[in-house]
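In: Fold the following, please.
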Amino acid sequence: MTVAQLAEKLFQTPPTHLTAWAAWTIVQQGLYFTGNTETIVAHPADKVAKDLEKMRAKTAQEKDHADFIKRVRNKTIKPVDMDRMQDVEDLALNRAESSPTLKLLGSEQTSQEAHRLLIELGMWDNMTNPWPARFGVVLDHFPKALEDEAIKLTDLAQKLPREDLTAIEAFAIDDADIADPDDAFSVTRGPDNVLDVWVHIADVGGVVGPDSALDLAARKRAASCYLANGTLPMLPERVQSTMGLGLAKTSPALSIGFTLEEDGHIDNVKVVRSTVRATRKTYAEAAQLLEKAGDVWGAISDAADRFRDRRMENGAVGFQMPQASVTVDSKGKVQVGVQEHFASRDVVMELMLMAGEAAAQFALDREIAFLYCTQVLLLTCHYRYYCSE
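Out: Residues are numbered from 1 along each chain as shown. Down below sits the predicted model:
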């Protein structure tokens, strides 16, 4: 039919310019009719019913979304709104470059603005730290399968053949808040004033084999991440509690032993799997014991002095930069200060440098391919080839 015929049928009166225009407006809506002014065709009833359902659903969706945006503006979101805020959280964590929700609110498309909104809505609190996720640090927990694997392997690690070094007192010195002490040392005075030194490293290699599930999980994390409000561990807690030095009466370790001559030279290097008896000390506690300089701590101080003097004679350069101490209390208050420097830190550094040189010497003597660290092992190899003898 034509527009005039449609107008007559719809309004049951002879067509006028007003009824014709009203009829054409209905055609243009596309719900009931299609065509041009001369040829108009009615849609089937079932198609009209389906299109009406779609229109009503779209209208309801638009109203629901408008109500959601209104609740966000008024800071009165409901539990059902949490999933709809995912785009805001993705922007806050740098997983996305924009947020449709922030766009509708007319807010800036920045991670800081997304962070602010999530706190205002109560979805995050002041203790929520987005920075690890922004830098790709893994935040998820270890799956149960890995936890079970850690339990099984740490039990086996205790049964590996080990040299018993528990008769020699060892010390694991670190900051008070470190939960996974991974090194310790022993120093005793031998004949002719030669010092016998052991540096013990947590024997995680006895638990975590190359390309194992635990190894792959540790690679994904790369390192334990120490934050102001907590630590994200590289390995399951069971590995930490079992392999950490000084956390139990005795601990499994990989130990580097050597003699230190009066002139600071290292000799008689050996590397063994061991069982050690380590006592934990903070840097402050160790500093006090070094000042008293008893038999044990006097030998420790002498070892550090000898090695440092040799390094300085060979052209070593040292400098001490202030280190910040950042803490966050339970109320989210951040405190920043300067970390107190104790002489015990320098002593531990010298002992770790000794271990680096001893390990390099051990590898070179046996032609073992070694990955050298520029700050420790490469420098100690430099001493060995060019600065000693």
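
In: excluding its backbone neighbours, what's nearest Ala23?
Out: Nearest non-adjacent residue to Ala23, counting by C-beta to C-beta, 6 or more residues apart in numbering: Ala7, 4.0 Å away. The C-beta positions use only the backbone N, C-alpha and C, and glycine is treated the same way.

In: any idea how far Met1 is from that neighbour?
Out: Distance check for Ala7 against Met1: by C-beta to C-beta, to the nearest Å, it reads 10 Å.

In: before we move on, what about Ala363?
Out: Using C-beta to C-beta, Ala363 is found at 96 Å from Met1.

In: before we move on, the earlier item: so how far is Gln288 from the residue nearest to Ala23?
Out: On the measure of C-beta to C-beta, Ala7 and Gln288 end up 102 Å apart.

In: how about Pro130, phi and psi?
Out: The phi and psi values for Pro130, taken as degrees, to the nearest 10, are phi -80, psi -10.

In: so what's Ala284 up against?
Out: By C-beta atoms under 8 Å, 6 or more residues apart in numbering, the contact set of Ala284 is Ala176, Glu340, Phe342, Ser344.

In: any idea which element it lies in?
Out: According to DSSP states H and E, Ala284 maps onto helix 283-292.

In: same question, Gly356
Out: Using DSSP H and E, Gly356 falls in helix 343-365.

In: Who are the packing partners of that helix?
Out: Contacting helix 343-365 under the criterion 3 or more C-beta pairs under 8 Å, 6 or more residues apart in numbering; DSSP states H and E are the following elements: strand 183-189, strand 195-202, strand 251-260, strand 266-282, helix 283-292, helix 295-313, helix 377-382.

In: Include distance to Val48 and mean pLDDT when you put the ones you listed into JSON lines, please.
Out: Formatted as JSON lines, these follow (distance: least, C-beta to C-beta, whole Å; pLDDT from 0 to 100):
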{"stretch": "strand 183-189", "distance to Val48": "78", "mean pLDDT": "95"}
{"stretch": "strand 195-202", "distance to Val48": "75", "mean pLDDT": "96"}
{"stretch": "strand 251-260", "distance to Val48": "78", "mean pLDDT": "95"}
{"stretch": "strand 266-282", "distance to Val48": "80", "mean pLDDT": "95"}
{"stretch": "helix 283-292", "distance to Val48": "81", "mean pLDDT": "93"}
{"stretch": "helix 295-313", "distance to Val48": "90", "mean pLDDT": "94"}
{"stretch": "helix 377-382", "distance to Val48": "80", "mean pLDDT": "42"}
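
In: just to revisit the earlier point, run through the residues that contact the residue nearest to Ala23.
Out: Pro15, Thr16, Thr19, Ala20, Ala22, Ala23.

In: at 10 Å instead, please
Out: Residues near Ala7 by C-beta atoms under 10 Å, 6 or more residues apart in numbering: 1, 13-24, 26.

In: ok, it to Asn36 distance?
Out: With C-beta to C-beta as the criterion, Ala7 and Asn36 are 15 Å apart.

In: Leu93 is in contact with Arg134, isn't it?
Out: Yes - with contact defined as C-beta atoms under 10 Å, Leu93 reaches Arg134; the gap is 5.9 Å.

In: Show me which of the two is the more surrounded one.
Out: Each of Leu93 and Arg134 has its neighbours counted (other C-beta atoms under 10 Å); Leu93 has more, 18 against 14.

In: Check what pLDDT that one gets.
Out: What the model reports for Leu93 is a pLDDT of 94.

In: Look up the closest residue to it, ignoring the ones flanking it.
Out: Nearest to Leu93 is Ala133, by C-beta to C-beta, 6+ apart, at 4.4 Å.

In: State the next helix or strand along the chain beyond whichever strand or helix holds that neighbour.
Out: Per DSSP H and E, Ala133 falls inside helix 131-134. Downstream of helix 131-134, the first helix or strand assigned by DSSP H and E is helix 144-157.

In: CA atoms only: put that following helix into PDB for me.
Out: The C-alpha coordinates for helix 144-157 follow below in PDB (Å, rounded to 0.1, in the frame of the first residue of the first chain):
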ATOM      1  CA  LYS A 144      47.900 -26.600  46.500                       C
ATOM      2  CA  ALA A 145      49.900 -29.000  44.200                       C
ATOM      3  CA  LEU A 146      53.000 -26.800  44.600                       C
ATOM      4  CA  GLU A 147      52.500 -26.600  48.300                       C
ATOM      5  CA  ASP A 148      52.300 -30.400  48.500                       C
ATOM      6  CA  GLU A 149      55.400 -30.700  46.300                       C
ATOM      7  CA  ALA A 150      57.300 -28.300  48.600                       C
ATOM      8  CA  ILE A 151      56.400 -30.500  51.600                       C
ATOM      9  CA  LYS A 152      57.600 -33.600  49.800                       C
ATOM     10  CA  LEU A 153      60.800 -32.200  48.600                       C
ATOM     11  CA  THR A 154      61.800 -30.400  51.800                       C
ATOM     12  CA  ASP A 155      61.400 -33.700  53.600                       C
ATOM     13  CA  LEU A 156      63.800 -35.300  51.100                       C
ATOM     14  CA  ALA A 157      66.300 -32.500  51.400                       C
END
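
In: show me where pLDDT drops low in this protein?
Out: For the chain, the stretches with pLDDT under 70 are 138-140, 228-230, 372-389.

In: most centrally placed residue in it?
Out: Centroid-nearest residue in the chain: Val137, 3.7 Å away (criterion: C-alpha atoms, centre = their mean).

In: quick one: contacts for it?
Out: For Val137, the contact set (C-beta under 10 Å, 6+ apart) comprises Asn129, Trp131, Arg221, Ala222, Ala223, Cys225, Leu227, Leu232.

In: any idea how far it lies from Tyr226?
Out: Taken as C-beta to C-beta, the span from Val137 to Tyr226 is 11 Å.
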